[in-house]
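Sequence first, then the predicted structure:
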2 protein chains.
Amino acid sequence: MNNFQFYSPTEFVFGKDTERQTGALVKKHGGSKVLLHYGGGSVIRSGLLDTVKASLTEQGISFTELGGVKPNPRDTLVYEGIDLVRREGIDFILAVGGGSVIDSSKAIAMGVPYAGDFWDFYCGKAAPAAALPVGTVLTIAAAGSEGSGDSVITKEDGWLKRGAGSDLIRPRFSVLDPALTCTLPAYQTACGATDIMAHVFERYFTNTTEVGITDRLCEAVLKTMIAETPRVIAQPDNYDARANIMWAGTVAHTNIVGVGRDQDWNSHGIEHELSALYDCAHGAGLAVIMPAWMEFVYRHGVMRFAQAAVRVWGCEMNFADPEVTAREGIARFRQFLHSIGMPINFAELGAKESDIPKLVESFGIGSGRTGGFLPLSAEDIAEIYRIAARAAL
Amino acid sequence: MNNFQFYSPTEFVFGKDTERQTGALVKKHGGSKVLLHYGGGSVIRSGLLDTVKASLTEQGISFTELGGVKPNPRDTLVYEGIDLVRREGIDFILAVGGGSVIDSSKAIAMGVPYAGDFWDFYCGKAAPAAALPVGTVLTIAAAGSEGSGDSVITKEDGWLKRGAGSDLIRPRFSVLDPALTCTLPAYQTACGATDIMAHVFERYFTNTTEVGITDRLCEAVLKTMIAETPRVIAQPDNYDARANIMWAGTVAHTNIVGVGRDQDWNSHGIEHELSALYDCAHGAGLAVIMPAWMEFVYRHGVMRFAQAAVRVWGCEMNFADPEVTAREGIARFRQFLHSIGMPINFAELGAKESDIPKLVESFGIGSGRTGGFLPLSAEDIAEIYRIAARAAL
């Protein structure tokens, strides 16, 4: 096990009607003038935004609205938000929405006290020294951003999708009401579930030995997702299944299941090029990429993949030929993704094999290699895209 | 799943030599004048206390020492600590030790800003409104107090052992170096492991339905303990096994594995009377009590006990008679405890069956019932003590 630091100071308030506590939570965590940041019409139509506004007003907290966050949130709106917050003297960023809204909020929170361009944090030029406090009211179980110190933003100029991370942007509180997710369409629900599972798998496949506790915690989250996701696809308003998925999504990405081990985020990086180029859902892109990545790398760690097959997917161990078991686990994953309505190849995603050179170019690895479980060259990444392009059940 | 709040703001710094960061962590978390609180000679003999002092001095932090914390920490030393902290104008309590030292530190931290008697928090008369910040350098994986909002103190007058809980006493930071636990004798190691497993089981046996994610997380911690504990008993200086146990012990008690469900802490309460009367190790008392409690209550939730037997202990499910499986899981637990050197009955613990009326009397339930999985009367508790007294493999 590696040395590590784990710090997850977010206050999670979970359950039915907890969004009514938003104003009290902003106050408790020091906010008096709020940027109310959200996306499109669904939080308006559902009445959630009104509930949140009422709870702010009840606590005497003033707010300024900034809607319009899109999936794969853009740098342009972040700049707008930073200007607005500075102009209005706002002291707290409240995200009402999913991962995109939260990531945009985190970017604004870091950008406000920074003299330079906030994009510096995303292209690796600088690390934040301060950030405004962020709170969230989550509307989809997916990105885990409600409990993470991560943010991913897309730069419109060149459609670059890049991430930044700091404990400073871990939300001060996150309100998690599973009932808010009961109206999500099946496709978005499945995209979210795929993202959650990917967050765990990216941590699970490691070269670090002696990580029994985190292996088991990863498997716990994955088995929960395998059990609960088909339930919510079949019964969208099953509160309890939604609740299990929502908490699993948070646990998957605070990093409590990933401490003390080297991690591999190549599938996320390889996927980011797809969602940047095609503006597809991140989860759908992951459904196409992640099993392909597994097929490319599993020979590097057959017994680890066999462990996943047995412990997560319930495969019987083939002691004579563990590779068979390893491959069976990957096949089960792809079948599972298909069963919940996810695309499993480029055609189903709306991507084109002929774009692979462009995707690899944009990934920007040059003649180098990525880090991770199995470091990848540009040619390796191209091969993973090709496997993903042609995948079948 | 029940609504819940989860708040674990402790910064965990885990791994080899992390105790050298103590001074920097105190400073980061706002301390300038420290009460250095510890137990007996082991932290002095091992050189740990010197390392911690050097790291404080390096950061320009002054400190006042208060040693002498005993297992089952006493109210008398807490009063002494409160006086000392007030007199010296100390602003941070640093616990160097195990659960007893940390619990004593938390009691002092709550007691200092309180005008009344700190025992009010332990006998349920008052809830704390403020507390000094607490940091910890942990020397045994057991109580989980390094990541919890709980504290248990024994009142010498009448040997009452009582608990208090508040998010205010969650440590600001906890330094966890598994290497510090490599010199622990096998018996203390096993007592700690038993306590960790008990913390999970007390959460696992619940009447709350639809708690798939926390069930799985509980099972993850338990399976880790089953795999790793025999390793450290056989190889006391196995760093990696110590590391897995140490992190499992923290995860077991931040409550991340117990949110959203009713819990049952009767085994802890029933045990507390044993350690209060005989001053035995809490873990050893739990090894005697917990399987006995299980035998008494399992018929209330046969399928939940069968689930534990199958998922945690690897028993094969008896579909024709699930009670057989449920009982097999309990038997496996007791065998496991025996295998790691724990007592399994009163004689092995040094307790007397003839003391049962006194133990029940001190438990103080009168004609009422406890809460929990199966609410217990005084007669039920007496029966659990009798089962524990006479238990055999």
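Received, thanks.

quick one: what helix or strand has residue A:206 in it?
Using DSSP states H and E, residue A:206 is not contained in any helix or strand.

My guess is it contacts residue A:260. True?
No: between residue A:206 and residue A:260 there is no contact under Cβ atoms under 8 Å: 9.5 Å. Quick note: C-beta positions are derived from backbone N, CA and C, even for glycine.

and the spatially most central residue of chain A, what helix or strand is that in?
The C-alpha lying nearest the average C-alpha coordinate of chain A belongs to residue A:143 (Cα atoms, centre = their mean; 2.6 Å). Under the criterion DSSP H and E, no helix or strand holds residue A:143.

Now it: phi and psi?
phi -70, psi -30 (degrees, to the nearest 10).

what about whichever residue of the stretch 51-200 of chain A sits closest to chain B, how many neighbours?
Going by Cβ to the nearest Cβ, chain B is nearest to residue A:178 of the stretch 51-200 of chain A, at 8.0 Å. Each residue near residue A:178 was counted by other Cβ atoms under 10 Å in any protein chain shown, and the total is 25.

Next, the contact list for it, please.
With contact set as Cβ atoms under 8 Å, 6 or more residues apart in numbering or on different chains, residue A:178 has these partners: A:14, A:15, A:16, A:141, A:239, A:242, A:243, A:245, A:246, B:1.

what's the closest residue to the third one other than its chain neighbours in contact with, if anything?
Here the nearest residue to residue A:16 in space, its sequence neighbours aside, is residue A:179; by Cβ to Cβ, 6 or more residues apart in numbering or on different chains that works out to 5.6 Å. By Cβ under 8 Å, 6+ apart, the residues touching residue A:179 are A:16, A:17, A:239, A:242.

Which residues of the stretch 251-393 of chain A lie near chain B?
Residues of the stretch 251-393 of chain A lying near chain B by Cβ under 8 Å from any Cβ of the partner chain: A:251, A:256, A:259, A:260.

Now with 10 Å, please.
Within reach of chain B by Cβ under 10 Å from any Cβ of the partner chain, the stretch 251-393 of chain A has these residues: A:251, A:252, A:254, A:256, A:257, A:259, A:260, A:311.

and chain A, what are its domains?
A:11-180, A:186-390 (automatic domain parsing).

now the spatially closest residue to residue A:312 that is not a sequence neighbour: how far from residue B:201?
Nearest non-adjacent residue to residue A:312, counting by Cβ to Cβ, 6+ apart: residue A:222, 4.7 Å away. Residue A:222 sits 23 Å away from residue B:201, going by Cβ to Cβ, to the nearest Å.

Kindly report the same for residue A:188.
For residue A:188, the distance to residue B:201 - Cβ to Cβ - is 38 Å.

Looking at those two, which is more packed in?
Taking neighbours as other Cβ under 10 Å, residue A:188 and residue B:201 compare with residue B:201 leading, 22 against 17.

before we move on, the earlier item: could you dump the residues of the stretch 251-393 of chain A next to chain B into JSON lines and include secondary structure and pLDDT?
As requested, those are arranged in JSON lines below (DSSP: H, G, I helix; E, B strand; the rest coil; pLDDT from 0 to 100):
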{"residue": "A:251", "secondary structure": "helix", "pLDDT": "98"}
{"residue": "A:252", "secondary structure": "coil", "pLDDT": "97"}
{"residue": "A:254", "secondary structure": "coil", "pLDDT": "96"}
{"residue": "A:256", "secondary structure": "coil", "pLDDT": "97"}
{"residue": "A:257", "secondary structure": "coil", "pLDDT": "97"}
{"residue": "A:259", "secondary structure": "coil", "pLDDT": "98"}
{"residue": "A:260", "secondary structure": "coil", "pLDDT": "98"}
{"residue": "A:311", "secondary structure": "helix", "pLDDT": "98"}
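
Where neighbours are concerned, which of those residues has the most?
residue A:252 leads those on contacts (other Cβ under 10 Å) with 33 neighbours.
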